[in-house]
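# any chance you can model this:
(chains A and B)
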Protein chains: 2
Amino acid sequence: MAGIYKYTVEQANVEGRGRAKISFINGIIMQTADTDAYRTGFGVSTMQQDNYSWVLSRYAVQIDRIPTIGEVISVDTWIGKCEKFFSVRNFILRDESGATIGTAISLWALINLTTRRPMLIEDMHEGVSLDREEPMSRPAKIGAVRADLTAEHRVAYSDIDFNGHLNSMRSIDHLIDMLPVSEVVESKGYRLDINFSREGFAEQVLTLTCQRDQTNLFDISVDGTSLTKASITLF
Amino acid sequence: MAGIYKYTVEQANVEGRGRAKISFINGIIMQTADTDAYRTGFGVSTMQQDNYSWVLSRYAVQIDRIPTIGEVISVDTWIGKCEKFFSVRNFILRDESGATIGTAISLWALINLTTRRPMLIEDMHEGVSLDREEPMSRPAKIGAVRADLTAEHRVAYSDIDFNGHLNSMRSIDHLIDMLPVSEVVESKGYRLDINFSREGFAEQVLTLTCQRDQTNLFDISVDGTSLTKASITLF
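Residues are numbered from 1 along each chain as shown, chains lettered A, B, ... in the order given. All right, here's what the predicted structure looks like:
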C-alpha cells in the first residue's frame, strides 16, 4: 500500500525569495508519515494504547528543486522491507506536473514506553510493506564533528513535541540556523542526513557544534553526550 | 463580510499534554487574516502589485480554553471600522460545539514599499468592514520593561518570513521561550499583547528583555532601539 498526500505552499511557509522553507518540507514529510501510519493501523496513538511509540532514528531528505508559494506538492509514501529493529518509510515529493522535486527516507524504532528499549519488528509490516526500490541512499552515518562553530541553546517551549520532549524537526532547524542566512536562501537545493541517538528534554542546555565544509557536519550534545548528529549539503 | 475558516489540531501542533501550542494558534489566526484578505481583494500579493504591503502593527490574542489534538477549530474573522492609518481585523475562535474558546484583534498598517511609510487608509474598506462589536479590548500599549531576564538571539534562517525580514510570529515565540517551559505548559489559558514598531533583519543580534510578573513584559531591541514590546499573562 502506498499513500499520496497533498500540501499547498502558503505565504507563512516561505522565505524572502518565495521558496518553501526547509522546516515546511520536513513538516509535510513528518505529517505524511503520521497520517499514513494511522491509515494503515500503525499510528502513534494506536501504538501508545499498547505501550509502544515510534521514534525517528535516522532520516535523510534531498530537495533538488525548492517549490515556491502557491505550488501544490504531492508526497507519495510507502513502507519498505523491515530491518530487525527499524521500519523503513520512503517518500517521493512531486510537483503539479508530476515531476519529482525531492526524496526522503526515514528509519523508525518501536520503543517500549516503560523500558524505553526498541522492539523487534521484523515481521510486523507483513502485507503493508512494498517491494519497491528505495528512492535514495540511506541516511549517512555521521562520525566525529570538528568544532569550527559552537553555540548553546536551552530547550524551550517552542522546542517541545507531543511527547513533551525535544522535537526532532526543531533540532534540525537549530542546526540549519548555525549557517549564514544568505547561504541557505541562495542554495538551489539541499541534502540533510540526520542520526537521532538520544532524546532531549525541556530546560536542558544543548551544545551545538558545526564543522564548516562543502558538507557541513553537526552535533547536538548535552553534558558531553551526543543526542543528534547531522550533515547538511547546500548545492 | 465575515469569513469562517477551519483548522485541525494535528500531532505536530501540540505539546506534551496534547494541547495546541501557542505558535499554532497564532499561525491559524495569521493564515486566516491572509486567506480572508485575498478573498476580499486586499491580499498581500494584490497590494504588492500596487507597491504596498500590509504590516502587522499591534496584535492581541486571548485563549480561555486551549484546544487539544484532533479538535477542529473555526476562526471567524471580519474587518472593523478603519482608523486613520490602521485596518482593524477581528477574530473569534470556536470549537466544534460552537463554544468560543478565544478571541484576537489585529491592527495593520499599509506600507508604501518604496518609502516604507504608512498610507492613509480611512476609507478603503468601505463596503468590506462590518459594524460589529470588537471581540476583546484593543492590544495594550506596553511601556518600559525592567530587565529581570535578558537573552540574545541572532536572526537566523528559521526566523525569516516571506519578506525576508524577521517573522513577527517567530519573534513572539522567542519571548515565550524566555519563560520556564513548565509555567507555559501548566497554564489553562493566556493573553498576549504585542506592539510591533520596527522590522528586524537577517543576522541582526536581538536583545530580549523580560520583566517577570503576573503579567510578564517583554522588549526586543537591536543596538538599543526597540523593535517589539509585548505582554504575556498565563492564567
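
# where along chain A do the strands fall?
For chain A, applying DSSP state E gives strands covering A:2-8, A:52-63, A:72-79, A:87-94, A:100-112, A:149-154, A:190-196, A:205-211, A:215-222, A:225-234.

# export those strands to TSV and append columns for mean neighbour count and distance to A:Ala140.
C-beta here means a position set from N, CA and C on the backbone, and glycine is covered the same way. Output for the strands of chain A, formatted as TSV (neighbours: other CB atoms under 10 Å in any protein chain shown; distance: least, CB to CB, whole Å):
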stretch	mean neighbour count	distance to A:Ala140
strand A:2-8	15	25
strand A:52-63	20	7
strand A:72-79	20	21
strand A:87-94	22	15
strand A:100-112	20	11
strand A:149-154	14	20
strand A:190-196	22	4
strand A:205-211	18	14
strand A:215-222	21	9
strand A:225-234	20	6
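
# does the lowest-mean-pLDDT helix or strand in chain A come close to chain B?
Of all helical and strand segments in chain A, the minimum by mean pLDDT, DSSP states H and E falls on helix A:44-49, at a mean of 73. Yes. Contact check for helix A:44-49 against chain B, using CB under 8 Å from any CB of the partner chain: residues in range are A:Val44.

# which strands and helices lie in contact with that helix?
Helices and strands in packing contact with helix A:44-49 are listed as helix A:22-39, strand A:52-63; criterion 3 or more CB pairs under 8 Å, 6 or more residues apart in numbering or on different chains; DSSP states H and E.

# and of the ones you listed, who's closest to B:Ala37?
For B:Ala37, the closest of the helices and strands packed on helix A:44-49 is helix A:22-39, at 20.9 Å, according to CB to CB.

# which other helices and strands does the closest one contact?
Contact partners of helix A:22-39 among helices and strands, from 3+ CB pairs under 8 Å, 6+ apart: strand A:2-8, helix A:44-49, strand A:52-63, strand A:72-79, strand A:87-94, strand A:100-112, helix A:168-176.

# run the last query once more with 10 Å
Here helix A:22-39 touches strand A:2-8, helix A:44-49, strand A:52-63, strand A:72-79, strand A:87-94, strand A:100-112, helix A:168-176, strand A:190-196, going by 3 or more CB pairs under 10 Å, 6 or more residues apart in numbering or on different chains; DSSP states H and E.

# export these to TSV and tack on distance to B:Ser23?
What follows is those, written out as TSV (distance: least, CB to CB, whole Å):
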stretch	distance to B:Ser23
strand A:2-8	18
helix A:44-49	21
strand A:52-63	21
strand A:72-79	22
strand A:87-94	24
strand A:100-112	24
helix A:168-176	11
strand A:190-196	22
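
# of all the helices and strands packed on helix A:44-49, which one comes closest to B:Ser137?
Using CB to CB as the criterion, the shortest distance between B:Ser137 and the helices and strands packed on helix A:44-49 is 33.7 Å, found for helix A:22-39.

# any idea how far A:Ile28 is from A:Thr35?
Distance of A:Thr35 to A:Ile28, given as CB to CB, to the nearest Å: 10 Å.

# check the separation of the first and last residues in stretch A:160-179.
With CA to CA, to the nearest Å applied, stretch A:160-179 spans 23 Å between its terminal residues.

# from the chain's centre, how far out does that stretch sit?
For stretch A:160-179, the distance from its own C-alpha centre to the chain's C-alpha centre is 10 Å (CA atoms, centre = their mean, to the nearest Å).

# again with stretch A:79-92
In terms of CA atoms, centre = their mean, the centre of stretch A:79-92 is set 14 Å apart from its chain centre.

# so where's chain A uncertain?
Applying pLDDT under 70 to chain A flags the ranges A:1, A:123, A:125-128.

# for the residue nearest to A:Arg198 when sequence neighbours are not counted, what are its contacts?
Of all residues not flanking A:Arg198 in the chain, A:Leu227 sits nearest, at 4.5 Å (CB to CB, 6 or more residues apart in numbering or on different chains). Contact partners of A:Leu227, counting by CB atoms under 10 Å, 6 or more residues apart in numbering or on different chains, are A:166, A:168, A:171, A:195-201, A:204, A:206-207, A:219-221.

# one more: A:Ser182?
Contacts for A:Ser182 were tallied using CB under 10 Å, 6+ apart; they are B:157, B:202-203.

# about what we covered before: please enumerate residues in contact with the least confident helix or strand of chain A?
A:33-34, A:37-38, A:40-41, A:43, A:52-55, A:110-111, A:113, A:119, A:162-163, B:11, B:69-70.

# same thing but 8 Å
Helix A:44-49 is contacted from outside by A:34, A:37-38, A:53-54, A:110, A:113, A:162, B:11, using CB atoms under 8 Å, 6 or more residues apart in numbering or on different chains.

# between these, which is nearest A:Arg19?
The shortest separation between A:Arg19 and any of these is 24.4 Å, and it belongs to A:Asp34 (by CB to CB).
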